[in-house]
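J.: only geometry, no sequence info:
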Ligand SMILES: O=C(O)C(=O)C[C@H](O)[C@H](O)COP(=O)(O)O
């Protein structure tokens with residue numbers, strides 16, 4: 001792992017782990033370790049494994065055990081049970097597409113850094129009210145993109161974001177240039193055909209390009 005990512009993994013900030021956080025959907029647990037190694041080799045050590053597939057928790061467990069240079073987290077965390085399962089599997093951060101009081105309480109109690117998802121101003125204000133200043137902006141492009149986040153920076157400068165959803169190599173630099181953006185999330189470095197072909201060299205090359213975006 002880069003020593004920066006290793007050092008920050010225990011801190012309260014997910015946004016400062018890496019400029020780009022790959023969002024991974026693992027269908028076959030056998031892909032988890034080679035995929036994570038390719039991302040780390042390409043310079044993307046913070047990896048969000050979404051809880052969208054039955055293989056997800058085993059994938060988190062395998063990456064946590066076998067890829068020490070990765071900082072593996074769980075995505076699509078939408079319930080207290082998801083929080084507990086993710087932390088038990090070794091997730092070092094948690095990301096949700098949206099949040100409720102129940103989910104936020106569980107995330108706060110988990111002991112690991114977390115990013116609750118928001119897409120409206122009121123959700124941002126509600127999180128600030130709960131003492132949470134770092135959040136995922138989802139679905140970033142559909143919810144207003146860079147123009148929306150720029151507009152929030154005036155009235156709500158205390159909020160910092162990880163925009164995710166429709167982020168690409170073309171629009172990522174625009175997000176990363178905003179003062180209220182710490183990192184971006186995205187799946188573009190993990191094309192479905194590359195994963196199906198187990199083409200880890202291609203994943204590594206795409207990760208390397210992504211890690212150079214900032
Ligand atoms: O699964 C979740 O918890 C999500 O919130 C969705 C993901 O963050 C996006 O699906 C990634 O978006 P793309 O980069 O456009 O593929």
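T.: It's in. As the structure is a computational prediction, the values presented were derived from the model and not from experiment.
J.: State the distance spanning the first to the last residue of stretch 44-59.
T.: With C-alpha to C-alpha, to the nearest Å applied, stretch 44-59 spans 17 Å between its terminal residues.
J.: What residues are bridge-paired with residue 71?
T.: Assessed by DSSP bridges, residue 71 has beta-bridge partners residue 46.
J.: Do a quick rundown of the helices in this protein.
T.: With DSSP state H applied, the chain shows helices at 3-8, 32-41, 56-66, 80-89, 101-109, 121-129, 145-153, 172-176, 192-196, 200-211, listed in chain order.
J.: Out of the ones you listed, which is the most enclosed?
T.: Most buried of the helices of the chain by mean neighbour count (mean count of other C-beta atoms under 10 Å) is helix 32-41; its value is a mean of 23. All C-beta spots, glycine's among them, are computed from the backbone N, C-alpha and C.
J.: residues contacting residue 200?
T.: By C-beta atoms under 8 Å, 6 or more residues apart in numbering, the contact set of residue 200 is 34-35, 37-38.
J.: before we move on, the earlier item: is it possible to export the helices of the chain to TSV including distance to the ligand and mean pLDDT?
T.: Formatted as TSV, the helices of the chain follow (distance: least, C-beta to the nearest ligand atom, whole Å; pLDDT from 0 to 100):
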stretch	distance to the ligand	mean pLDDT
helix 3-8	20	39
helix 32-41	14	98
helix 56-66	10	98
helix 80-89	10	98
helix 101-109	12	98
helix 121-129	14	98
helix 145-153	12	98
helix 172-176	10	98
helix 192-196	10	94
helix 200-211	11	97
